[in-house]
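# Build the 3D model from these lines:
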Amino acid sequence: MLEEKKPGRRLTAGLAVFLLVMARYCAFGVQYYPQLDDYIQYHNYTRLYDFSTLQELMGILSSRPLAGIADYFFWSPMFDHMILGVALISALYAAAVLLIWDVLGRYFRTSPVLPVVMALLPLGLEGTYWMSASTRVVVGMFFAALAVRAFLNWLDGKGRGWLPLYLILQLIPFGFYEQAGLLSITLTVGAAILERTRKGRPMGRCAVSLWGVPAMGLYFLITRLLNNGGVYGSRTELVLPTSRYYWLHELPKTLWQFFQAFAGGGFFTAVKGFVRGMRMIFSGELLLWALCAAALCVLLWLTLRNREPQERTGGDAPLPLALLSGLLLAAAPVSLFLVLGNTWFSLRGTVTSFPGIALLADSLVVWLWDRLARGRDGLSVLAAAMAFVFCVAGSSEIRDYRDTYYNDQRIAGLVLEAAEVEGLDASSGRIGVLNLEPSYLPNQNFYYHEHIHGCTESDWAFTGLLTALGGEVKVTPLPADPLYRAWNREANHPSSFETLYWFDGESLTPAVLRELEENTYQVRDRQGVLLGVIWEENGIGYIRRPEQLAPEQSFLLED
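Below is the predicted model of the structure:
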């Protein structure tokens, strides 16, 4: 574990981790690229509503209330300079990594590989860079780390004041991110069990770690009382696994999402991300950045190399216990999705499992290193090399965030220009843009849920962007494949819009529908030029350009 007598080294290690985290985020300049909810949460809410009105309309306190309050009063003023918010979030994350490393080092033989995996794993970009997610995930994890540290300080007899502080800190993570609250409980209860079984701590004092369970109940009670039926209230709805439908449908769907996010997302963001990042380096686009990142990795090595012998002899727990603890620490935070009414599991949801994943990876590395390297030091070199690989992989994710931001801005500009020409406003009825896709990234690392999707993925996100840019129109993106499914057929059916546009990837054209038969249309411009066709098949709507049609669909082109 980190040496208590040398806080200077601890701060240096934290600084090195912070700089590496920020290096990824600044691969394409010292700038943050807003995405999706950012325009709504950090711009529109404060410009359009006072806080009490926002609570009345949206029920913002009925789910993660501390995050909602922080959004409005703390993060929103940074909107025009949000890279400052990114830097603050990165500092909190570096602190959380160091605190959790310190805690795990009390019981397990850790090495510098652990903080590198936890801080820089490319899978975590969505949860640590995107501000709408990181202000929940990272802040919650920071308070979770503080809670377990306060509990251990009290257990170590460092003062009675640590107990009430722990009781408060254990409740706070839930107010930002429920998974962070579960992480806090798992860390604290796990530490108490190890303190009891391996160090003989009094049972009564260790039992205090269970406070997290009633704290979680108190959180759900508070949010239930604050739920006024707004859009945020449904996020904390729980379901009991008592029905046959749950076991046959909901549970397999949730487990499949876990597999996709952790296995698929972890592999492609790291491997494909690294390949793409190296191509940008060798092309010269990121050459200077790569040299700076390599220098920071050397700094990390210099920071950690003198600490390595202590790190590898910090705890004496056997490997099977370390692996079991890592598995439980990774699984516990996501277990909430097994009982949530909304089982949508995104990549940002993986980040609270990183302490467990890092402990698993580090324990195996240390075990293998002892056998293959015969006790020779050098894990700090391996950790620095891994840090460089993860930074390079992460740079490709930031590239995609940047390109998505510029695509959003360009398309929104076209829509606002068209709305001004046509004299459209909030009273103009429903407006739709046909053939407008959620993402225009040609080679994304991992296409999954809303990961690095543009504001063009939904009407609320796109309208939020238009509002942030001064627009007064509500616009619905209508993607090609599919245009609609059964659940959104009524909302996205082209006949339900008063005004339609066709987007060809570069420009926007006013469009009209020509019905061929029920649920089958030609899309033409106002001069009669054919732009595309729409048809329905098995309740699913599709859009195609004329050149994309199969020969057997040529009848759709007939006048």
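# any idea how far residue 144 lies from residue 358?
As judged by CB to CB, to the nearest Å, residue 144 and residue 358 stand 15 Å apart. For glycine as for every other residue, the C-beta is placed from the backbone atoms N, C-alpha and C.
# okay, those two: which has more neighbours?
Set residue 144 next to residue 358 and count neighbours by other CB atoms under 10 Å: residue 144 wins out with 34 against 26.
# The more buried one contacts residue 178, doesn't it?
No - here residue 144 lies out of contact with residue 178, judged by CB atoms under 8 Å, at a distance of 11.2 Å.
# hmm, who's touching the helix or strand where residue 432 lies?
Following DSSP states H and E, one finds residue 432 within strand 431-434. Residues outside strand 431-434 that contact it (CB atoms under 8 Å, 6 or more residues apart in numbering) are 415, 419, 424, 473-478, 483, 492, 494, 497-503, 508, 511, 523, 532, 534, 543.
# Repeat the analysis, applying 7 Å as the threshold.
For strand 431-434, contacts defined as CB atoms under 7 Å, 6 or more residues apart in numbering pick out 415, 424, 473-478, 494, 497, 499-503, 511, 523, 532, 543.
# Filter these down to just the ones in helices.
Among the contacts of strand 431-434, the members falling in helices are residue 415 (criterion: DSSP state H).
# So which of the contacts of strand 431-434 belong to strands?
Among those, DSSP state E puts 475-478, 499-503, 511, 523, 532, 543 in strands.
# The residues you listed: which two are farthest apart?
The span of those, defined through CB to CB, is set by 475 and 532 at 18.2 Å.
# who's more crowded, the two?
residue 475 (27 against 22).
# give the contact list for that one.
So residue 475 contacts 415, 431, 433, 459, 462, 463, 466 (CB under 7 Å, 6+ apart).
# And it, how close does it get to residue 505?
Counting by CB to CB - residue 475 and residue 505 are separated by 17 Å.
# repeat for residue 396
23 Å.
# Give me the more crowded residue out of the two.
residue 396 (26 against 9).
# Now name the helix or strand holding the more buried one.
Here residue 396 is assigned to helix 379-422, by DSSP H and E.
# Return the distance of that helix from the chain's centre.
Here helix 379-422 shows a centroid-to-chain-centroid distance of 14 Å under the convention CA atoms, centre = their mean, to the nearest Å.
# any idea which helix or strand carries residue 281?
helix 273-282.
# er, residue 521 I mean
Going by DSSP H and E, residue 521 is in strand 520-525.
# Residue 535 now?
strand 530-537.
# tell me which residues of that strand are tucked away?
Judged by neighbour count (16 or more other CB atoms under 10 Å), strand 530-537 contains these buried residues: 531, 532, 533, 534, 535, 536.
# give me phi/psi at the closest residue to the last one other than its chain neighbours?
When you say that, I think you mean residue 536. In this structure, residue 536 finds its nearest non-sequential neighbour in residue 519, 3.9 Å apart by CB to CB, 6 or more residues apart in numbering. Note on residue 519: backbone dihedrals following degrees, to the nearest 10 are phi 60, psi 20.
# swap in residue 437?
Phi and psi for residue 437, reported as degrees, to the nearest 10, are phi -100, psi 160.
# and if you look at the one 5 residues further on?
Dihedral angles of residue 442 (phi, psi; degrees, to the nearest 10) stand at phi -80, psi -20.
# Return the residues in contact with it.
Counted by CB under 7 Å, 6+ apart, residue 442 has zero contacts.
# Let me know the pLDDT of it.
Model confidence at residue 442, given as pLDDT, is 89.
# Please apply the same query to residue 399.
Note for residue 399: predicted pLDDT of 96.
# Now do the same contact list for it.
Applying CB under 7 Å, 6+ apart, the residues contacting residue 399 are residue 28.
# again with residue 326
356, 359, 360, 363.
# before we move on, what about residue 19?
Residue 19 touches residue 296, counting by CB under 7 Å, 6+ apart.
# Can you name the next helix or strand after the helix or strand hosting residue 119?
Here residue 119, judged by DSSP H and E, is contained in helix 113-120. The first helix or strand that comes after helix 113-120 along the chain, using DSSP H and E, is helix 125-128.
# The helix or strand just after that following helix - contacts with which helices or strands?
Sequence order places helix 131-155 as the next helix or strand after helix 125-128, per DSSP H and E. For helix 131-155, the packing partners by 3 or more CB pairs under 7 Å, 6 or more residues apart in numbering; DSSP states H and E come out as helix 65-70, helix 83-104, helix 125-128, helix 162-176, helix 178-199.
# next one: helix 131-155 to chain centre, how far?
With CA atoms, centre = their mean, you get 17 Å for helix 131-155.
# for stretch 176-185, same thing?
That offset, for stretch 176-185, works out to 15 Å (CA atoms, centre = their mean).
# again with stretch 284-300
25 Å.
# what does that stretch contact?
16, 19-20, 23, 27, 280-281, 383-384, 387-388, 391, 395.
# Show the subsequent helix or strand relative to the lowest-mean-pLDDT helix or strand in the chain.
Sorting the helices and strands of the chain by mean pLDDT, DSSP states H and E puts helix 308-311 at the bottom, at a mean of 45. Next along the chain after helix 308-311, taking DSSP H and E as the criterion, comes helix 319-334.
# could you dump that following helix to CSV, C-alpha only?
C-alpha atoms of helix 319-334 as CSV (Å, rounded to 0.1, in the frame of the first residue of the first chain):
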residue,chain,number,x,y,z
LEU,A,319,-4.5,-15.1,-4.6
PRO,A,320,-7.8,-16.9,-4.5
LEU,A,321,-9.1,-14.4,-1.9
ALA,A,322,-7.8,-11.5,-4.1
LEU,A,323,-9.5,-12.9,-7.2
LEU,A,324,-12.8,-13.5,-5.3
SER,A,325,-12.7,-10.0,-3.8
GLY,A,326,-12.0,-8.5,-7.2
LEU,A,327,-14.9,-10.4,-8.8
LEU,A,328,-17.3,-9.3,-6.0
LEU,A,329,-16.1,-5.8,-6.2
ALA,A,330,-16.7,-5.7,-10.0
ALA,A,331,-20.1,-7.4,-9.9
ALA,A,332,-21.7,-5.6,-6.9
PRO,A,333,-22.1,-2.1,-8.5
VAL,A,334,-23.9,-3.4,-11.6
